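Peer 1: for reference, the sequence and a predicted model appear below.
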Amino acid sequence: MAKETLSITDNRTGKTYEVPITDGTIRTADLRQIRTGEEDFGIMGYDPAFMNTASCRSAITFIDGDKGILRYRGYRVDELAEKAGWTETAFLILNGELPTKAQLDTWEGQIKNHTFVHENVRALLSGFRYDAHPMGMLMGGVGALSTFYPEAKDVLDAVSRRRQITRLIAKVPTLAAWAYRHSRGLPFVYPDPDLSYSANFLRMLKQNQEPHYDPHPDVVKALDVLFILHADHEQNCSTNVMRSIGSSQADPYSAVAGAISALWGPLHGGANEAVLKMLKQLGKVENVAEFVKQVKDGSAGQRLMGFGHRVYKNYDPRAKVIKQLADKVFAVVGKKNPLLEVALELERIALSDEYFISRKLYPNVDFYSGLIYEALEIPVEMYTVMFAIPRTVGWLAQWEEMIVDKEQKIARPRQIYTGYDERPFTAMATRKG
């Protein structure tokens with residue numbers, strides 16, 4: 001019977017070591033025993049960008065990039081998008097099981113009780129410049145919440161921890177909507193506890209002079225679906241930041257503010273904004289073929305945005321759901337986005353061209369989400385904010401999982417030093433430029 005071990009022979013010394021294999025991995029700390037002498041620190045793993053390093057054990061999200069699979073707590077994301085609501089999915093991600101009716105009612109009631117923010121936070125957001133980016137305002141607002149709830153620093157208290165999780169999930173949409181309203185010079189709209197999570201957010205975002213704003217049920221459902229698809233995605237850049245900050249036992253508001261900062265980058269949450277800019281640059285279907293040619297031959301510095309993914313080497317399962325959602329949203333708003341035809345033609349060529357097939361460049365979640373947000377008249381600068389609202393649930397689930405994991409310690413990766421060896425100090429008068 002085969003042993004679940006890895007035999008390593010160090011050709012420098014001729015010694016052979018046996019390292020246990022668990023769940024298809026070895027502990028890199030086990031490599032420390034491989035040394036040439038007493039003063040040798042031992043072998044380390046070198047893995048820039050964590051391309052092949054597992055930093056934790058997690059029971060939240062499963063991804064098989066080669067097969068195009070994404071599951072939350074064992075449930076397929078497309079099935080959840082079709083059959084579950086957003087708050088139902090959020091409960092699942094945080095607690096591991098789908099809620100009963102009584103549990104869901106209690107959970108939604110708790111969220112509604114925490115949607116309001118302190119008036120001082122309102123004053124803080126009002127103090128930003130008129131042209132401040134909503135993502136920066138959201139980051140600042142979430143970070144400021146840590147000063148309002150000092151008990152949040154006791155992250156090992158399970159009751160307090162859950163209270164902060166509920167507060168964050170409830171308040172982030174309010175801060176997000178107010179960031180948008182500030183950027184438009186519009187008065188802030190307070191939460192309405194009679195509305196659902198997504199409907200309440202749309203109301204705070206869009207209500208103007210009408211006494212009561214009722215978003216279309218299909219638009220609310222579309223937002224629910226988009227929130228579900230963006231809720232969590234394993235150990236991505238912002239989740240890694242959330243866990244890393246949280247590993248110092250910083251409060252969750254500070255950790256979420258850091259995760260928002262990471263999400264803001266154009267290689268992460270800002271990708272759907274880049275897709276829309278690309279489609280607008282193309283303008284019409286007739287320009288697609290020449291654009292694809294330029295992408296393939298590398299001329300004019302053209303890049304194909306919204307295709308390919310670090311994890312998925314197949315069609316992103318979230319992209320399939322969003323593609324179907326787009327037509328429903330366009331039907332509700334009563335207009336078809338002309339850029340959709342451009343997107344469809346670009347997708348058709350990419351999925352039939354050997355250049356893209358061989359490189360496994362399939363549409364990802366960002367390819368269609370921007371079109372839907374534009375159809376809902378949500379400005380481009382809000383796209384990453386729309387991403388941050390549902391991802392807050394995933395961040396917090398990952399954070400709490402890390403907090404209670406006895407194997408986790410403060411994040412402190414090693415480095416390979418490439419600088420000078422020790423050298424003597426040089427006096428100012430003898431230094432050369």
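Peer 2: All right, it came through fine.
Peer 1: can you give me phi and psi for residue 298?
Peer 2: Per-residue torsions, residue 298: phi 80, psi 10 (degrees, to the nearest 10).
Peer 1: and the gap between it and residue 196?
Peer 2: Distance, residue 298 to residue 196, by C-beta to C-beta, to the nearest Å: 48 Å. Placement of C-beta: from N, CA and C, glycine included.
Peer 1: repeat that for residue 126.
Peer 2: Using C-beta to C-beta, residue 126 is found at 27 Å from residue 196.
Peer 1: among the two, which residue is more densely surrounded?
Peer 2: Higher neighbour count among residue 126 and residue 196: residue 196, with 20 against 10, using other C-beta atoms under 10 Å.
Peer 1: now do the same contact list for that one.
Peer 2: 85, 87, 108, 220 (C-beta atoms under 8 Å, 6 or more residues apart in numbering).
Peer 1: in TSV: those, plus pLDDT.
Peer 2: Listed next are those as TSV, based on pLDDT from 0 to 100:
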residue	pLDDT
85	96
87	98
108	98
220	94
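Peer 1: can you tell me which of the residues you listed end up in helices?
Peer 2: Counting by DSSP state H, these place 87, 108, 220 in helices.
Peer 1: surely the first one and residue 111 touch.
Peer 2: Yes: the pair formed by residue 87 and residue 111 meets the contact definition of C-beta atoms under 8 Å, at 6.8 Å.
Peer 1: spit out the residues that contact those two alike.
Peer 2: Taking C-beta under 8 Å, 6+ apart as the contact rule, residue 87 and residue 111 both touch residue 197.
Peer 1: what's the span of stretch 111-120, first residue to last?
Peer 2: The first and last residues of stretch 111-120 sit 20 Å apart, counting by C-alpha to C-alpha, to the nearest Å.
Peer 1: and for that stretch, what's in contact with it?
Peer 2: Applying C-beta under 8 Å, 6+ apart, the external contacts of stretch 111-120 come out as 87, 141, 145, 148, 166-167, 169-171, 173-175, 190-191, 193, 197, 200.
Peer 1: swap in stretch 90-101?
Peer 2: Stretch 90-101 is touched from outside by 59-60, 72-73, 75, 80, 84, 88, 103-104, 107, 165, 169, 231-232, 390, 393-394, 396-397, 400, with contacts defined as C-beta under 8 Å, 6+ apart.
Peer 1: what ranges does this protein have for its strands?
Peer 2: Here the chain has its strands, by DSSP state E, at 5-10, 15-20, 61-64, 69-72, 75-76.
Peer 1: partner strands of the third one, with direction?
Peer 2: When you say that, I think you mean strand 61-64. Partners of strand 61-64 in the sheet, by DSSP bridges, are strand 69-72 (antiparallel).
Peer 1: check contacts around residue 151.
Peer 2: 157, 160 are the contacts of residue 151 under C-beta under 8 Å, 6+ apart.
Peer 1: report how many residues lie close to residue 17.
Peer 2: 15.
Peer 1: picking that back up, the strands of the chain: which one's closest to residue 345?
Peer 2: Residue 345 sits nearest to strand 69-72 of all those, at 26.4 Å, using C-beta to C-beta.
Peer 1: for that closest one, buried residues please.
Peer 2: 70-72 (16 or more other C-beta atoms under 10 Å).
Peer 1: swap in stretch 184-195?
Peer 2: Residues of stretch 184-195 classed as buried: 188-189, 191-192, 195 (neighbour count, 16+ other C-beta under 10 Å).
Peer 1: other residues contacting that stretch?
Peer 2: Counting by C-beta under 8 Å, 6+ apart, stretch 184-195 makes contact with 112-113, 115-116, 122, 125, 130, 174, 177-178, 181-182, 200, 203-205, 207-208, all of which sit outside it.
Peer 1: spatially nearest residue to residue 44, not counting backbone neighbours?
Peer 2: In space, residue 44 comes closest to residue 414 once its chain neighbours are excluded; the distance is 5.3 Å by C-beta to C-beta, 6 or more residues apart in numbering.
Peer 1: so what's residue 59 up against?
Peer 2: By C-beta under 8 Å, 6+ apart, the residues touching residue 59 are 73, 96, 401.
Peer 1: and the longest helix for the protein?
Peer 2: Ranked by residue count under DSSP H, the longest helix found in the chain is helix 158-183.
Peer 1: now, which of the contacts of residue 196 sits nearest residue 280?
Peer 2: Among the contacts of residue 196, residue 220 lies closest to residue 280 (C-beta to C-beta), at 27.1 Å.
Peer 1: quick one, what contacts that closest one?
Peer 2: The contact partners of residue 220, by C-beta under 8 Å, 6+ apart, come to 196, 198-199, 202.
Peer 1: repeat the analysis, applying 10 Å as the threshold.
Peer 2: 85-86, 195-202, 214 (C-beta atoms under 10 Å, 6 or more residues apart in numbering).
Peer 1: and of these, the nearest to residue 426?
Peer 2: Closest approach to residue 426 among those (C-beta to C-beta): residue 201, at 60.1 Å.
Peer 1: what is the burial count for the closest residue to the closest one other than its chain neighbours?
Peer 2: Spatial nearest neighbour of residue 201, excluding adjacent residues (C-beta to C-beta, 6+ apart): residue 173 at 4.2 Å. Applying other C-beta under 10 Å, we find 26 residues neighbouring residue 173.
Peer 1: state the phi and psi torsions of residue 38.
Peer 2: phi -60, psi -30.
Peer 1: from residue 417, how far out is it?
Peer 2: Distance from residue 38 to residue 417, by C-beta to C-beta: 20 Å.
Peer 1: what does residue 28 give?
Peer 2: The value you get for residue 28 to residue 417, if C-beta to C-beta is used, is 18 Å.
Peer 1: ok, those two, which is more surrounded?
Peer 2: More neighbours surround residue 28 than the other of residue 28 and residue 417, with 16 against 7 (other C-beta under 10 Å).
Peer 1: list the contacts of the more buried one.
Peer 2: Contacts of residue 28 (C-beta under 10 Å, 6+ apart): 19, 43-47, 53-54, 414.
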